[in-house]
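> Quick one: sequence plus predicted model below, questions after.
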Amino acid sequence: MSLELINSPLGRLFCNGSAILIVFDMDGTLIDGETIDELAKAANVGDLVVALTKRAMRGEMDFEEALRERVKLLKGLKVAEVKKVALDIPLMKGAKELIRELKKEYKIAMVSGGFTIVARRVAQELEIDCLIANELIIKDGVLTGEVVGPLVRQNSKKEALEAIAKKEGIRPEDCIVIGDGANDISMFEAAGFSIAFNASPVLYDIADIIIMKKDLTLILPIFKRGVHAERVARKESLAKKGSRSLEA
């Protein structure tokens, strides 16, 4: 799998596995909105795209199929409008506070099925160490309705997590993941600890922690209590017995 690892210019350099890695989803997790839905509003196809997004997030539609169908509907949208949307989508409540605190002890990555035109801005603003995202194709100043990148397939987030972990010299089991939708399932299953934030019910049965309220600072007590370390140890113990289940 070919991955573009985009390092935020403000982010810290990775060290050789000396800290546990925390991997965030972007849309609906670090930002308060779905990028593709906001682009669709600008292209006057909002209702069509939002319906497809909801189906994809609930796991009712294959992620790649839903992504490509939605991007097709954006064909002809001017780059200037895309850039405006990229700047207007707000960070999730508590995002700055959470990332600032976590970066004192952890490395932070962002793995997004969304688009670099937004993800680069978010990574820079939050000083995220590394990101992986998809790219919208642009020709003659407008979107072509096409998308390329390492995260267009349903289970590609697992592969992205594994690639970053390998780069860091750690195991996926040493990573903590935070996300909200069906395309995060493979990443949740591969990681040692997972947090479903403002999430679709499709993640409830596989997440270690579920946070319903849209406030990322609610995650901080989990790390302060060291709950994640205890859960990772329990999950590894259960895995050795042939079980992948864990009570939340």
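Right, received. Where do you want to start? Numbers count the residues shown, from 1 in each chain.

> For Val142, give me the backbone phi and psi.
Dihedral angles of Val142 (phi, psi; degrees, to the nearest 10) stand at phi -140, psi 160.

> Thought Val79 was touching it, still the case?
Yes - counting by C-beta atoms under 8 Å, Val79 is a contact partner of Val142 at 6.7 Å. Just so you know, the C-beta spots here come from the backbone N, C-alpha and C atoms, and that holds for glycine as well.

> Do a quick rundown of the strands in this protein.
21-24, 107-115, 130-139, 142-148, 176-179, 193-197, 209-211 (DSSP state E).

> Packing partners of the fourth one?
Contact here means 3 or more C-beta pairs under 8 Å, 6 or more residues apart in numbering; DSSP states H and E; on that basis strand 142-148 packs against helix 63-72, helix 79-88, strand 130-139.

> try the second one
Counting by 3+ C-beta pairs under 8 Å, 6+ apart, the packing neighbours recorded for strand 107-115 are strand 21-24, helix 35-42, helix 116-126, strand 130-139, helix 156-168.

> Serialize these to TSV and add fields for mean neighbour count, mean pLDDT and distance to Ala190.
Converted to TSV, those look like this (neighbours: other C-beta atoms under 10 Å; pLDDT from 0 to 100; distance: least, C-beta to C-beta, whole Å):
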stretch	mean neighbour count	mean pLDDT	distance to Ala190
strand 21-24	26	94	10
helix 35-42	22	94	24
helix 116-126	21	95	21
strand 130-139	20	95	14
helix 156-168	21	93	5
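
> Dump the ones you listed into JSON lines; add distance to Glu64 as well.
Shown next, in JSON lines, are these (distance: least, C-beta to C-beta, whole Å):
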{"stretch": "strand 21-24", "distance to Glu64": "20"}
{"stretch": "helix 35-42", "distance to Glu64": "13"}
{"stretch": "helix 116-126", "distance to Glu64": "18"}
{"stretch": "strand 130-139", "distance to Glu64": "11"}
{"stretch": "helix 156-168", "distance to Glu64": "8"}
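
> which one of those lies closest to Asp62?
helix 156-168 (11.9 Å; C-beta to C-beta).

> Extract the CA atoms of that closest one and return them as CSV.
C-alpha atoms of helix 156-168 as CSV (Å, rounded to 0.1, in the frame of the first residue of the first chain):
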residue,chain,number,x,y,z
SER,A,156,-7.9,1.1,4.4
LYS,A,157,-7.7,2.8,7.8
LYS,A,158,-6.4,-0.5,9.3
GLU,A,159,-3.6,-0.5,6.7
ALA,A,160,-2.9,3.2,7.4
LEU,A,161,-2.7,2.5,11.2
GLU,A,162,-0.3,-0.5,10.5
ALA,A,163,1.9,1.6,8.3
ILE,A,164,2.3,4.4,10.8
ALA,A,165,2.9,2.0,13.6
LYS,A,166,5.6,0.2,11.6
LYS,A,167,7.2,3.6,10.8
GLU,A,168,7.3,4.2,14.6
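
> between it and helix 63-72, how big is the angle?
100 degrees (axes from the mean of the first three to the mean of the last three C-alpha atoms, to 10 degrees).

> pLDDT at Ala56, what is it?
Listed pLDDT for Ala56 reads 81.

> residue contacts, Ile206?
Contact partners of Ile206, counting by C-beta atoms under 8 Å, 6 or more residues apart in numbering, are Ile185, Phe188, Glu189, Ser194.

> Correct me if wrong: the first one contacts Gly59.
Put plainly, it is Ile185. Yes - using C-beta under 8 Å as the test, Ile185 is close enough to Gly59 to be in contact (7.5 Å).

> before we move on, back to that, take the contacts of Ile206 and keep only those in helices.
Judged by DSSP state H, the subset of these located in helices is Ile185, Phe188, Glu189.

> could you dump those to TSV with pLDDT, neighbour count and distance to Ile210?
Shown next, in TSV, are the ones in helices among the contacts of Ile206 (pLDDT from 0 to 100; neighbours: other C-beta atoms under 10 Å; distance: C-beta to C-beta, whole Å):
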residue	pLDDT	neighbour count	distance to Ile210
Ile185	94	22	14
Phe188	94	22	11
Glu189	93	15	16
